[in-house]
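S.K.: I need the structure of the sequence given here:
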Amino acid sequence: ALGCLIQHGGGSEPQVCRVVGVVSTLRNPYDETSEWGQIYQPISPDQVPIYLHIRTAPEMESSLLQNLGSMIRKIDPELTVVSLTSLTKHYRGSHTVQSARMNAQVITLFGMQAMFLAGLGLYAVKAHMVATRTREIGVRMALGASRRSVLALVFRQNGVSTLVGLVLGILLAVGLTSLIRGALYGISSMDPVSMAATVILLSTTSLLAGYIPARRAVRIDPMVALRYE
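M.R.: The predicted model follows:
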């Protein structure tokens, strides 16, 4: 493409430009699955730029904003400077960015609620499963099993079912990444931090759900546990 001529622009006088460089593919900042076609060209006298971007070091941003107006007036006193602002502040006031941020906050809120409900449901199911084994725990203790061995048994069985559920959940999440990839920006659809946080939260919830009723059951007198319904 280098050196080729391209014609762009509508109207009766389209512009013809020569390609002097090629940049990497631009991605839509709000949808990583789509690409943006972009042409960079120098400012010519017959063009009026909407924005002039100046790149600077982060620590020089505030001082540059304070002195940039006077620097421009020294170069061209007749040049009108409408406003000076940082790119961060400009995008914060952008309706598009605010809309995207609002969507992200709503999705995050629903995700947190879904995680809470999933943890609550997992805790209830696991706690009920262990509580229904109170009589079995009483029989084991009546036959000489120690509290530690009973708790270890509950943890082992609870851990196996939890591990199977997590593996199936991760495989399902991997299969559904294509549906959510377009809604993510700045992180991958298989973000390791999100995956690790989910695994740790659900694993901890599952283990606590088994430990608390099991610990309560081993403290009951074996004869009382045998009569437990």
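S.K.: okay, now the domains of this structure?
M.R.: 53-93, 95-226 (automatic domain parsing).
S.K.: so of the ones you listed, which one's packed in deepest?
M.R.: Across the domains of the chain, averaging neighbours per residue (mean count of other Cβ atoms under 10 Å) puts domain 95-226 on top, at a mean of 14. C-beta coordinates here come from the backbone N, C-alpha and C atoms, glycine included.
S.K.: If you count residues, where's the longest helix of this protein?
M.R.: For the chain, the longest helix by residue count, based on DSSP state H, is helix 95-131.
S.K.: In TSV: the domains of the chain, plus distance to Ile39 and mean pLDDT.
M.R.: Shown next, in TSV, are these (distance: least, Cβ to Cβ, whole Å; pLDDT from 0 to 100):
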stretch	distance to Ile39	mean pLDDT
domain 53-93	16	79
domain 95-226	21	79
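S.K.: could you dump these to TSV with distance to Thr25?
M.R.: Formatted as TSV, these follow (distance: least, Cβ to Cβ, whole Å):
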stretch	distance to Thr25
domain 53-93	20
domain 95-226	16
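S.K.: I'd like to know which of these is closest to Gly37.
M.R.: domain 95-226 (18.1 Å; Cβ to Cβ).
S.K.: how far is the closest one from where the chain is centred?
M.R.: 20 Å (Cα atoms, centre = their mean, to the nearest Å).
S.K.: Walking through this protein, point out its strands one by one.
M.R.: Applying DSSP state E to the chain gives strands spanning 5-8, 15-18, 26-28, 31-36.
S.K.: what's the least confident stretch among these?
M.R.: Ranked by mean pLDDT, the strands of the chain end with strand 31-36 at the bottom, a mean of 61.
S.K.: Nearest spatial neighbour of Leu2, chain-adjacent residues omitted?
M.R.: What sits nearest to Leu2 in space, not counting adjacent residues and going by Cβ to Cβ, 6 or more residues apart in numbering, is Val19, at 5.7 Å.
S.K.: what's the answer for Gln41, then?
M.R.: Closest to Gln41 by Cβ to Cβ, 6+ apart is Cys17, at 5.9 Å.
S.K.: looking at it, the one you found is touching Cys4, isn't it?
M.R.: No - shown here, Cys17 and Cys4 do not form a contact pair, counting by Cβ atoms under 8 Å, at 9.6 Å.
S.K.: Of the two, which one has the most company?
M.R.: It is Cys17, of Cys17 and Cys4, that has more neighbours when counted by other Cβ atoms under 10 Å, with 15 against 8.
S.K.: Pull up the gap between the more buried one and Leu26, please.
M.R.: Distance, Cys17 to Leu26, using Cβ to Cβ, to the nearest Å: 18 Å.
S.K.: can you check Met71 too?
M.R.: Taken as Cβ to Cβ, the span from Met71 to Leu26 is 31 Å.
S.K.: Same question for Thr205.
M.R.: 42 Å.
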